[in-house]
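A.B. asks: Just to be clear, the model below is a prediction. Sequence and coordinates:
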Amino acid sequence: KIIDHIPLHEIVRVVAQGKDDRSLKKSRSKTCMLGKDDRSLNKSKSKTTLISPANSSRASSGLDPSALDQSEEDKFIFAIHPCEEGYNSGRVCVLKTTSVQERDEWMEAIDDASKEAIIRMNVPEHTLSRYRTITREFYHSDPMQYAIGLVILLSYATALAGAQILPAPGSDEENIFQTLELVFTIIFAVELCINAFGSWMWLFLKDGWNQFDSVVVIISIIGLVVESLPAINVLRLMRVFKMVRLFRKLKNLRILINALSSSIIPVCWSFTILLLVSSVYAIIATQLFTIDPYNFGNFCRSFYTLIQVATGDSWSSVVTRGLMTVQEDEVQAGLVAFFFVSYVLVVGVVLMNIVVAVLLDEFITTVARERSEADSKDLENEQKDSVANIQGPIDALLESLLNFCTNEDLESRMRDLFELIDLDESGVVDLQELNIGLKKVPLIQQARLSVEDFDNITERGRFCTRGTAEMTLDG
């Protein structure tokens, strides 16, 4: 059972009951390290969750271990004293073990872990990690991204110019285009190395755009190095696909690309049904129309002819009527007409429209979802900015309660918040307990109340229990 949470680097001393001379005192009461961006609160090795033994017990806030009865079982008790400025605001945690030996083991283990956490907090960031952070920030900076985008546009324009001019082999124009091709490939390779160094390893590999860039750059390099490859000119033009990277910088284009990508799988299943039906018709046509070997001489020819029929490309005048005129009687001509009309209706009308319907459905759904997520993210950022600029002591806390749906939802949120702040579960909260509890509430701007703030909130004791300075949930 988890009985408390104490960041290891905030422990001041671990004291055995009745043996202050034996307590593991430490000369680091001012080393809470909260000023170092609270990194320890986000690292599992810099914090701990104390797991109670079978008969462990926890004292209430402010319990003084020296005030306990000096009985035989008191030898099994020890206390953990955190610093006043830390997560627990100096609240002492008292634990009871089953034996003196177990108590000593707990104390030694906690002391060693606390020392290790403090050492880890003071260890400077590794030089390589620091350089990676600097490189990642440089790569994702706006000037760097604009420069990469400009190079991509220039590379695309060069490819278009080369396709239009078609320079003769060995000419000066070809040498210029080859030089530009080499320069662009080197720039893209350097850009990929910078990105990989700054985001290595999983952060780089799990990004789909990084995978796309890696494939394009590798193929471009192969096209430059290996001259004997077939279709070498096509491989060299792979860098043109870098143009697609600019889509992620434009919100609307990015939404459309994501929608098309999400539609691929459903559309492929629809095409599978269409191709299966066409292949069945192709097998039948190969057996029926042996009289026309040009169009139906084997399965491949029959399948291609039927795809032509499905697209409406002169299927009636070129394919069907020629077969109908060579038939011996009207019955066979009618069977030819029935075969092709049924195929056009099933594949050309029904299945083709199903493919389009699936594409539109997935496309519209994805676009709506992408825009909804983008709007929600923008709204969330605006709310965070507005909350961060709030100056009142608990306005940020009240802002977190405003996103309720019904009165029951609001009451539930208030009840959960009060239970979180009511540390001793007494049903009442005073100013000291309120300030300690507010530290456990995940707020953008940490709240701390003064006596004057508490008086203003309670309207000079109006919402407090009569004769006390304590609030209840009903109040």
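C.D. replies: On my side now, so go ahead.

A.B. asks: Any idea what residue 13 is bridged to?
C.D. replies: residue 25, residue 81 (DSSP bridges).

A.B. asks: That one reaches residue 78, doesn't it?
C.D. replies: No - between residue 13 and residue 78 there is no contact under Cβ atoms under 8 Å: 10.4 Å. Quick note: C-beta positions are derived from backbone N, CA and C, even for glycine.

A.B. asks: These two - which one has more neighbours?
C.D. replies: residue 78 (23 against 19; other Cβ atoms under 10 Å).

A.B. asks: Wait, a strand at that one?
C.D. replies: Yes - counting by DSSP: H, G, I helix; E, B strand; the rest coil, one finds residue 78 located in a strand.

A.B. asks: Next up, the contacts around it.
C.D. replies: 14, 15, 16, 17, 65, 94, 95, 97, 103, 106, 107 (Cβ atoms under 8 Å, 6 or more residues apart in numbering).

A.B. asks: By pLDDT, give me the weakest of those residues.
C.D. replies: Across these, the member with the lowest pLDDT is residue 65, scoring 44.

A.B. asks: Give me the neighbour count for residue 148.
C.D. replies: Residue 148: 20 neighbours (other Cβ under 10 Å).

A.B. asks: what helix or strand does it sit in?
C.D. replies: helix 142-165 (DSSP states H and E).

A.B. asks: hey, which helix or strand in the protein has the poorest pLDDT?
C.D. replies: With mean pLDDT, DSSP states H and E as the measure, the helix or strand of the chain carrying the lowest mean pLDDT is strand 48-51 (a mean of 37).

A.B. asks: Enumerate the positions of the helix holding residue 148 that are buried.
C.D. replies: 148, 151, 152, 155, 156, 158, 159, 162 (16 or more other Cβ atoms under 10 Å).

A.B. asks: if I've got this straight, residue 227 is in a helix?
C.D. replies: No - remark: residue 227 does not belong to a helix; assigned using three-state DSSP, it is coil.

A.B. asks: per-residue confidence at residue 40?
C.D. replies: 35.

A.B. asks: what stretches of the stretch 251-400 of the chain score poorly on pLDDT?
C.D. replies: 383-400 (pLDDT under 70).

A.B. asks: same thing but 50
C.D. replies: Scanning the stretch 251-400 of the chain for pLDDT under 50 picks out the ranges 390.

A.B. asks: mind giving me JSON lines with the buried residues of helix 142-165 and columns for distance to residue 276?
C.D. replies: Output for these, formatted as JSON lines (distance: Cβ to Cβ, whole Å):
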{"residue": "148", "distance to residue 276": "45"}
{"residue": "151", "distance to residue 276": "46"}
{"residue": "152", "distance to residue 276": "41"}
{"residue": "155", "distance to residue 276": "42"}
{"residue": "156", "distance to residue 276": "39"}
{"residue": "158", "distance to residue 276": "44"}
{"residue": "159", "distance to residue 276": "39"}
{"residue": "162", "distance to residue 276": "42"}
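
A.B. asks: need the residues you listed in CSV with distance to residue 198 and pLDDT, can you?
C.D. replies: As requested, the buried residues of helix 142-165 are exported to CSV (distance: Cβ to Cβ, whole Å; pLDDT from 0 to 100):
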residue, distance to residue 198, pLDDT
148, 13, 89
151, 18, 90
152, 19, 88
155, 22, 88
156, 25, 88
158, 28, 90
159, 28, 87
162, 33, 88
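
A.B. asks: which of these sit farthest apart?
C.D. replies: 148 and 162 (21.2 Å; Cβ to Cβ).

A.B. asks: re earlier: filter the contacts of residue 78 down to just the ones in helices.
C.D. replies: 103, 106, 107 (DSSP state H).

A.B. asks: From the residues you listed, pick the one nearest residue 314.
C.D. replies: residue 106 (88.4 Å).

A.B. asks: The closest one contacts residue 98, doesn't it?
C.D. replies: No - in this structure, residue 106 is not within contact of residue 98 by Cβ under 8 Å, at 10.6 Å.

A.B. asks: Can you pull out the low-pLDDT segments for the stretch 1-150 of the chain?
C.D. replies: Looking at the stretch 1-150 of the chain by pLDDT under 50, you get 1-3, 20-69.

A.B. asks: let's see it at 90
C.D. replies: 1-13, 15-101, 103-104, 111-134, 136-137, 140-142, 145-146, 148-149 (pLDDT under 90).

A.B. asks: count of neighbours near residue 286?
C.D. replies: Neighbour number of residue 286 under other Cβ under 10 Å is 19.

A.B. asks: ok, back up a step: okay, residue 106 and residue 98: which has more neighbours?
C.D. replies: residue 106 (19 against 13).

A.B. asks: what's around residue 117, how many residues?
C.D. replies: Neighbours of residue 117 (other Cβ under 10 Å): 22.

A.B. asks: Next one: it relative to residue 8, how far apart?
C.D. replies: To residue 8, residue 117 is 4 Å away according to Cβ to Cβ, to the nearest Å.

A.B. asks: Would you mind listing the buried residues in the helix or strand that contains residue 305?
C.D. replies: Here residue 305 sits within helix 299-311, counting by DSSP H and E. Buried residues in helix 299-311, defined by neighbour count with 16+ other Cβ under 10 Å: 301, 302, 303, 305, 306, 309, 310.

A.B. asks: where does the closest residue to the first one other than its chain neighbours fall, phi/psi-wise?
C.D. replies: This means residue 301. Closest residue in space to residue 301, ignoring its immediate chain neighbours: residue 295 at 6.1 Å, by Cβ to Cβ, 6 or more residues apart in numbering. Dihedral angles phi and psi of residue 295 (degrees, to the nearest 10) take the values phi -100, psi -30.

A.B. asks: neighbours around residue 295, how many?
C.D. replies: Counted with other Cβ under 10 Å, residue 295 comes out at 18.

A.B. asks: Verify the contact between it and residue 303 for me.
C.D. replies: No - counting by Cβ under 8 Å, residue 295 stays clear of residue 303, with 10.8 Å between them.

A.B. asks: residue ranges for the strands of the stretch 351-475 of the chain, please.
C.D. replies: Remark: strands assigned in the stretch 351-475 of the chain by DSSP state E, counting those that start in this stretch are 428-429, 471-472.

A.B. asks: Columns mean pLDDT and mean neighbour count on top of those strands, output as CSV?
C.D. replies: Formatted as CSV, these follow (pLDDT from 0 to 100; neighbours: other Cβ atoms under 10 Å):
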stretch, mean pLDDT, mean neighbour count
strand 428-429, 79, 19
strand 471-472, 74, 19
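
A.B. asks: Remind me what the helix or strand following the helix holding residue 305 packs against, helices and strands.
C.D. replies: Next along the chain after helix 299-311, taking DSSP H and E as the criterion, comes helix 321-325. Under the contact criterion of 3 or more Cβ pairs under 8 Å, 6 or more residues apart in numbering; DSSP states H and E, helix 321-325 touches helix 330-343.

A.B. asks: and the helix it packs on with helix 299-311, angle?
C.D. replies: 70 degrees (axes from the mean of the first three to the mean of the last three Cα atoms, to 10 degrees).

A.B. asks: other SSEs contacting helix 330-343?
C.D. replies: helix 251-288, helix 299-311, helix 321-325.

A.B. asks: on that earlier part again, can you state the direction angle for the helix holding residue 305 and helix 251-288?
C.D. replies: 120 degrees.

A.B. asks: Centre of the chain to helix 299-311, how far?
C.D. replies: 46 Å (Cα atoms, centre = their mean, to the nearest Å).
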